[in-house]
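Chemist: below is the sequence, then the predicted model.
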Amino acid sequence: MKSDTIAAIATALTDSGIGVIRISGPEAVSVADQIFCTKSGRHPLKTYETHTIHYGFVCDGEEIIDEVMLSLMLAPKSYTKEDTVEISCHGGVLLMQRVLETVLKNGARLAEPGEFTKRAFLNGRIDLSRAEAVMDLIHAKNDFARKASVKQLKGSVANEIQSLRAAILYEIAFIESALDDPEHISTEGYPEQLSRKVEELFTRLKKLLDSADDGKMRKEGINTVIVGKPNAGKSSLLNLLVGEEKAIVTNVAGTTRDALEESIRLKGIGLNIIDTAGIRSTEDVVEKIGVEKAQRYAQDADLILYVVDSSLPLDESDFQIMDLIRNKKTIVLLNKTDLSPAVTEESFRQQFGTNQEKLRIVRTSTKDSTGMDEFEAIIQELFFHGHIQTDDEVVITNMRHKEAIQDACQSILMVKRSLEDEMPEDFYSIDLMSAYTSLGYIIGEEVGDDLVKEIFSKFCMGK
């Protein structure tokens, strides 16, 4: 690991009330000593207590650059476990850059993206799952994502993974000891005992794996596609959800020709909504392209909002849409309930057919917001079981973590198979070690330099 001293602007590079320049490394205090002075002159920062704040000025030679507050955090009690200095200056872009230039001129180098957090990881301050949670927290798009990231930052994922690895390692150690010293360590009855342990391990891993799809949507939002025939009220629904006139609404069928994308929050749940062209048979070349795009978007969606004009009977276009969404999580909005109904919930279910496990129906009117509270409650039920998970539940939000857990599950299944086939004990040990290694990827105990570099390259500068 590099042991030089790094520096970067840690706040957004835009005009603001305060800007922070962060310095970390073995010469951080020495660099700060050369540019910082108080009203009474220069005083060596090493003479001050750690975790103290000092008022003064940043100077380039005899020139005063800015009036600042300097925070001193000495190793190992800092974010990076290195000597760290943070200079809080006025938040002008030019001013922050000038202070940074002065720091760099006096012995620091410009930090790479994510290098402060990378040093925290390499110095044992945080594990890799906590490091990734830092970035997830910064980019959280909704309350669910924020809460999940905070729990991961506090160690929810790391603690569970370490517990699982400890349980696996115990079994590996027992098997290896028994193989090395069979005269003193008996394996009689051990397969039955291991079988129970493996079932418990698999149950815990499966629970983590089952949380991953919900976790991904907590983090990134639910990919939601609005479909329906032309003039059913799709664009009106989008405008109602967004809270402003984003889509053009007319009485002319086929007004929407292309997809319109918006991100919204409903009670803390993120929806990445795509309003699509009305699906129908058409000879219009442009509209036909829009219909084809709507069908492709629907195939990839986490959630379908199927808007039906309930004042008109169902027709061939509706049946085409039903075939398209039959195996998708779908909320059917029987819209225009302010008009005389031609389609009821019962008649729609009869036409849709028997595969209705993922289908929810709500009567709505985008004209007066009828049914929107029920609609929001259904989304919570579909994706988050109607409640926010409790503090002690672990949620997997990172796809790298999901893949590692999948690999560990496969290895544990191989152990189960070996036990069923009454294979020798060393077969158990091989697959248990594979599971142990896979879980190690999550917390960074089994990763190579290339993966570490890739992960931290996605961080912002100064973090």
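Modeler: Happy to help now that I have it.

Chemist: distance of the nearest residue to N106 once chain neighbours are set aside relative to T5?
Modeler: Leaving aside its sequence neighbours, N106 sits nearest to Q34 (C-beta to C-beta, 6 or more residues apart in numbering; 4.5 Å). Every C-beta, even on glycine, is put in place using the N, C-alpha and C of the backbone. Distance, Q34 to T5, using C-beta to C-beta, to the nearest Å: 12 Å.

Chemist: tell me what the helix or strand where A404 lies is packed against?
Modeler: Element membership for A404, per DSSP states H and E: helix 399-420. In terms of contacts (3 or more C-beta pairs under 8 Å, 6 or more residues apart in numbering; DSSP states H and E), helix 399-420 is packed against helix 190-220, helix 425-443.

Chemist: isn't L208 up against S129?
Modeler: No. Using C-beta atoms under 8 Å, L208 is not in contact with S129, being 11.9 Å away.

Chemist: touching the helix or strand harbouring S163 from outside, list them.
Modeler: S163 is part of helix 156-180, with elements assigned from DSSP H and E. Counting by C-beta atoms under 8 Å, 6 or more residues apart in numbering, helix 156-180 makes contact with 127, 129-130, 133, 151-152, 185-187, 190, 194, 197, 200-201, 204-205, 208, 394-396, 401, 408, 425-426, 428-429, 432-433, 435-436, 439-440, 442-443, all of which sit outside it.

Chemist: quick one: buried residues of it?
Modeler: Buried residues in helix 156-180, counting neighbours by 16 or more other C-beta atoms under 10 Å, are found at 156-158, 160-162, 164-165, 168, 171-172, 174-175, 178.

Chemist: how far does the helix holding A404 sit from its chain's centre?
Modeler: Centre-to-centre, helix 399-420 and its host chain are 23 Å apart (C-alpha atoms, centre = their mean, to the nearest Å).

Chemist: buried ones in that helix?
Modeler: Buried residues in helix 399-420, defined by neighbour count with 16+ other C-beta under 10 Å: 400-402, 404-405, 407-409, 411-412, 414-416, 418-419.

Chemist: which residue lies nearest the spatial centre of this structure?
Modeler: K219 (3.5 Å; C-alpha atoms, centre = their mean).

Chemist: buried subset of the contacts of helix 156-180, written for PyMOL?
Modeler: Of these, the buried ones can be selected in PyMOL as follows, counting by 16+ other C-beta under 10 Å:
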select buried, resi 127+129+130+133+151+152+187+190+194+197+201+204+205+208+394+395+396+401+408+425+428+429+432+433+435+436+439+440+442+443
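
Chemist: and H43, how many neighbours?
Modeler: 14 (other C-beta atoms under 10 Å).

Chemist: contacting residues around the residue nearest to the centre of the chain?
Modeler: So K219 contacts D136, A140, K141, A145, A148, S149, T397, N398 (C-beta under 8 Å, 6+ apart).

Chemist: repeat the analysis, applying 6 Å as the threshold.
Modeler: By C-beta atoms under 6 Å, 6 or more residues apart in numbering, the contact list for K219 reads A145, T397.

Chemist: next: D302.
Modeler: Counting by C-beta under 6 Å, 6+ apart, D302 makes contact with I222, N223.

Chemist: which pLDDT value goes with it?
Modeler: According to the prediction, D302 has pLDDT 85.
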